[in-house]
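>>> sequence and predicted structure below; questions after.
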Amino acid sequence: MRRSNTRFISGTIAVLACCVTVASLLSACRASDEDKPVITTEIKSITVMSAEENSENIWYINWPGYYVAGNEYVKFEDKALELTEDEKEYILSYMNSFPSDPKNADGSECICRIWVTIVDEKSNRSLIGSVYGDYPEGTDRFCQIINRVCGGDKEFLCANGNMQEMTDEYFTAITGYTDDDIKGGTIRDVVEHLCLDNTIQCYHYFLKNWVYEFILDNYELCRMLPYEVYSVPSSDEECRAYAEELAKALGATGGVTKGSSDFAGQEWYEINGYKNTVIRIYRTDIVSKDIRNYGGWVDSYYESFIIYEPVDMGELEGANSFDFVYSNDHKFAVCITHEEGGRKEALYEAGLVVLTLD
């Protein structure tokens, strides 16, 4: 019996020891959890840019700051409301449903872009969603939230899927410009030349209103500048003949010579003796790869394309840059050393002559 009691007592002690150990671990875990900081995620701003029809011409929303109706920036001030916790959770879930690398497989235009800036103890970042064609599931609820927190007195966002046509009237509504304000052209000329199909494509112009003013006030030059990349086949003989014809029309006195760059794989003909300016003639089927689109590869005043000639600088690599106009058949690019902004008078005068050639 004593031996049995000993086993019982020993077993009881072991069980109690285990319980104490488990309790201690649980207590330690609870203490550890309490010591850990609670990471909270806050939504600092919601930006929506829409290319849809809107009864009040609202196309840009930046909650909680302002919205843009036509060409008028309107502050929310005390009209903007706070998001509820449920709305925050919904918006974060909605934004996370967008693919991280959206593909426009069917060629449809972008109808809406959304940026949600979130902040927590570790980072400040944006969740981005782009809509091509149909809106994702849950957009109706997203619109309800946006319309509520923006004050609820207007339909700020409708997600109806109807693209707003860039008519002359709509261009005037969102820029304030009319035909009378455009020197050397009309609204229709500007819309077609700058390829302004909708407000999404106008985005970088709208954010820099001075660019619109600069372009429209100097449209006689701007209408010659390139906003599309062409690559039309031609021969070396055709290029030389065109350069000689242009040199004669310009009254250049220095002759035509051929130049090339082994480093960049480029070839061109040079017109010398024109107002102390060297003019290069490139074949577009050779140089089109060096016409860079956006991302800093444009004139920051006119947003027009620039041709770059990469240059070997030993351990470094640089670039020469050139403003240009196309020949009438887009086979050739007529280039002059890049001038950031300004009236580009040498290019403008040469461009006027280019327009007269077949």
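Right, received. Where do you want to start? Just so we're clear, the structure is a prediction, and the values are computed from it rather than from any experiment. Numbering: from 1, shown residues only.
>>> would you map the helices across the protein?
Assigned helices in the chain, in chain order: 2-35, 85-96, 139-149, 168-175, 187-193, 203-207, 209-217, 219-222, 236-250, 284-287, 345-354 (criterion: DSSP state H).
>>> could you tell me the least trusted of the ones you listed?
Ranked by mean pLDDT, the helices of the chain bottom out at helix 2-35, with a mean of 40.
>>> quick one, what contacts the nearest residue to Asp358 once chain neighbours are set aside?
The shortest distance from Asp358 to any residue other than its chain neighbours is 7.1 Å, reached at Asn328 (CB to CB, 6 or more residues apart in numbering). The C-beta positions use only the backbone N, C-alpha and C, and glycine is treated the same way. Shown here is Asn328, whose contacts under the criterion CB atoms under 8 Å, 6 or more residues apart in numbering are 354-355, 357-358.
>>> quick check on those residues: which are buried?
Taking 16 or more other CB atoms under 10 Å as the criterion, what is buried in those is Val354.
>>> so among the contacts of Asn328, where is pLDDT lowest?
Taken together, those show their lowest pLDDT at Asp358, with 81.
>>> not counting residues beside it along the chain, what's closest to Gly176?
By the measure of CB to CB, 6+ apart, the closest residue to Gly176 outside its immediate chain neighbours is Asn71, 4.5 Å from it.
>>> that neighbour against Thr178, yeah?
No - applying CB atoms under 8 Å, one finds Asn71 not in contact with Thr178, separated by 12.0 Å.
>>> of the two, who's got more company?
Asn71 (16 against 13; other CB atoms under 10 Å).
>>> distance of that one relative to Cys158?
In this structure, Asn71 lies at 20 Å from Cys158, with CB to CB, to the nearest Å as the measure.
>>> do the same with Leu357
50 Å.
>>> tell me the contacts of Arg125?
117-118.
>>> actually, Val48.
60-61, 112-115, 146, 157.
>>> buried ones among these?
Applying 16+ other CB under 10 Å to the contacts of Val48, the neighbour count classes 60-61, 112-114, 146, 157 as buried.
>>> farthest pair within these?
Of all pairs drawn from those, the one with the longest distance (CB to CB) is Arg113 and Ile146, at 13.6 Å.
>>> so Tyr227 is in contact with Ile306, correct?
No - using CB under 8 Å, Tyr227 and Ile306 do not qualify as a contacting pair, with a distance of 11.7 Å.
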